[in-house]
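A.B. asks: pasted the sequence and its predicted model underneath.
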Amino acid sequence: MATELDISTDNCIVEKDGKVLIVTLNRPEAKNAFSPEMLLGMYKAWRLLDDDDDLLCAILTANGDTFCAGMDLKAGAEGHRSTEEFMTLMGEVPNIHWQALLRDNLPKKPLILAVEGYALAGGTEILAGTDIRVAAEDATFGVTEVARGLYPMAGSSIRLPRQIPYCLAAEIVLLGRHISAQEALDWGLINRLVPKGEALNEAKKIAAQIAETGPIALKAITRSLRELQCDIAEEEAMLKSDELAGPVFASKDAKEGMRAFKEKRKAVFTGE
């Protein structure tokens, strides 16, 4: 049973369900366009994911029939209490908005994306900061900034060519057109396509699998995926990978995992 946490805001519901953090964009009346309240909740959620050893992964999803329409520049004038808190935090953490949108300081644990409906501009840009992506058959993606004379500042022109073939990434960011869920799957932009209304359920199934893995190994492998990409020479990346692997093999969890395999039982990991 998921429990809502006190870091939730009106526009971002944060729940803890066992070892899984569920982050739900909650501004359906505005197509879940980003607002200071939403960014505040997301920022706090990602930092909690890093700090809470009981949590192994997070799901990012949304209420309503649109996942996210991107930034809403009018939201700053709403004057909510959380808006004031967000602006105050910006003085202490200048890139708080980029942390919220998964451009900077990504969590060191896996992020699962569950998309229903439209995910445009920032709604697709945030996708590149997640690891496993599920979309409903009616989902639509697009980095549409260029069509409005704008620049995709959340990093799509940098990250997408590292995640999918260059020419496809170029088509996404240079044409600014809408991309169907099937195209997104064919291009490798998402992992799974499910019937409408089933994206979150599928994401929860994936999260349940992750929740059964070894916490130390999971965090190290996630760091490897995040930090050791094609901009690092292979030889250097292998050395850094060895550094990440060392503490994993020295852990009690590694011994438990091998013992459980030998004894043909489910491993009981403690994060030690």
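C.D. replies: On my side now, so go ahead.
A.B. asks: G117 contacts C68, correct?
C.D. replies: No - between G117 and C68 there is no contact under C-beta atoms under 8 Å: 9.1 Å. Every residue, glycine included, has its C-beta placed from N, CA and C.
A.B. asks: just the helices in this protein please.
C.D. replies: Using DSSP state H, the helices assigned to the chain run over residues 36-51, 81-92, 96-100, 122-125, 156-163, 166-175, 181-186, 199-210, 215-227, 234-249, 252-262.
A.B. asks: which other helices and strands contact the fifth one?
C.D. replies: The one in question is helix 156-163. If you count contacts as 3 or more C-beta pairs under 8 Å, 6 or more residues apart in numbering; DSSP states H and E, helix 156-163 packs onto helix 166-175.
A.B. asks: again, only this time at 10 Å
C.D. replies: helix 122-125, helix 166-175 (3 or more C-beta pairs under 10 Å, 6 or more residues apart in numbering; DSSP states H and E).
A.B. asks: circling back: please enumerate the shared neighbours of G117 and C68.
C.D. replies: 31-32, 62, 123 (C-beta atoms under 10 Å, 6 or more residues apart in numbering).
A.B. asks: how much space between the spatially closest residue to G18 that is not a sequence neighbour and G149?
C.D. replies: Distance criterion C-beta to C-beta, 6 or more residues apart in numbering; nearest residue to G18, sequence neighbours excluded, is A211 at 6.3 Å. A211 is 44 Å from G149, where distance means C-beta to C-beta, to the nearest Å.
A.B. asks: rewinding a little: which one of the helices of the chain is the most hemmed in?
C.D. replies: Of all these, helix 122-125 carries the top mean neighbour count, a mean of 27, counting by mean count of other C-beta atoms under 10 Å.
A.B. asks: send me it as PDB with only the CA atoms.
C.D. replies: Output in PDB follows, covering the C-alpha atoms of helix 122-125 (Å, rounded to 0.1, in the frame of the first residue of the first chain):
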ATOM      1  CA  GLY A 122      10.000  19.200 -21.400                       C
ATOM      2  CA  GLY A 123       7.700  16.200 -21.200                       C
ATOM      3  CA  THR A 124      10.000  14.300 -23.600                       C
ATOM      4  CA  GLU A 125      13.200  16.000 -22.400                       C
END
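A.B. asks: so which elements touch that helix?
C.D. replies: On a contact count with 3+ C-beta pairs under 10 Å, 6+ apart, helix 122-125 meets strand 140-142, helix 156-163, helix 166-175.
A.B. asks: run through who's touching the second one.
C.D. replies: Outside of helix 156-163, the residues within contact range by C-beta under 10 Å, 6+ apart are 102-103, 121-122, 124-129, 143, 145-146, 151-152, 166-174, 187-189, 229-231.
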